[in-house]
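[1] build me a structure from this.
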Amino acid sequence: MRKFITTSDVGDVVIGNESVLFHIGNGCGDGKTRIEIIDCGEKETSPRDYVTRISGKFNLYNYDCTNGKDEDVIATLSGVYDIYARDGRVTFEKIGG
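    Next up is the predicted model:
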């Protein structure tokens, strides 16, 4: 499992690429958001709420008011991920690809 901390001024985590950005609510609001990236086969048992699924290649940004600048990218993910959020934590769980 990989872990990151991002900064939220509007209570989101931003994912996307140079063409499009998506905002995922962190379930808490402004401040710091804990990010967890779980690979296929790893188990996560913390309480969490399903948000959505994403597939493809996309970036994870360190600040929710980013304009998608390269210097704001903290990770690039590729595959199919279920996304969960609760209490200031957003989890990306890889389920394929």
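
[2] where does the residue of the chain most remote from its centre land on pLDDT?
    Ranked by distance from the centre of the chain (CA atoms, centre = their mean), the top residue is G41, with 18.6 Å. At G41, the model reports a pLDDT of 84.

[3] can you check the one 3 residues further on too?
    E44 is assigned a pLDDT of 77 by the prediction.

[4] gap between the spatially closest residue to it that is not a sequence neighbour and L21?
    Excluding its sequence neighbours, the residue lying closest to E44 (CB to CB, 6 or more residues apart in numbering) is I38, at 5.3 Å. C-beta coordinates here come from the backbone N, C-alpha and C atoms, glycine included. Going from I38 to L21 by CB to CB, to the nearest Å gives 23 Å.

[5] which residues in this structure form strands?
    Along the chain, counting by DSSP state E, strands occupy 2-8, 12-16, 21-25, 31-38, 49-61, 73-86, 89-96.

[6] pick the most buried one from the ones you listed.
    When you average the neighbours per residue for each of these (mean count of other CB atoms under 10 Å), strand 12-16 leads with a mean of 22.

[7] quick check: angle from it to strand 49-61?
    When axes from the mean of the first three to the mean of the last three CA atoms, to 10 degrees is applied, the directions of strand 12-16 and strand 49-61 differ by 60 degrees.

[8] packing partners of strand 12-16?
    Counting contacts by 3 or more CB pairs under 8 Å, 6 or more residues apart in numbering; DSSP states H and E, strand 12-16 packs against strand 21-25, strand 49-61.

[9] let me have those in CSV, extended by mean pLDDT and distance to V13.
    Listed next are these as CSV, based on pLDDT from 0 to 100; distance: least, CB to CB, whole Å:
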stretch, mean pLDDT, distance to V13
strand 21-25, 96, 5
strand 49-61, 97, 7
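
[10] tabulate those strands (JSON lines), appending distance to T7.
    Formatted as JSON lines, the helices and strands packed on strand 12-16 follow (distance: least, CB to CB, whole Å):
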{"stretch": "strand 21-25", "distance to T7": "14"}
{"stretch": "strand 49-61", "distance to T7": "10"}
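
[11] show me the one of these that comes nearest G88.
    Proximity to G88, assessed across the helices and strands packed on strand 12-16 by CB to CB, is greatest for strand 21-25 (10.5 Å).
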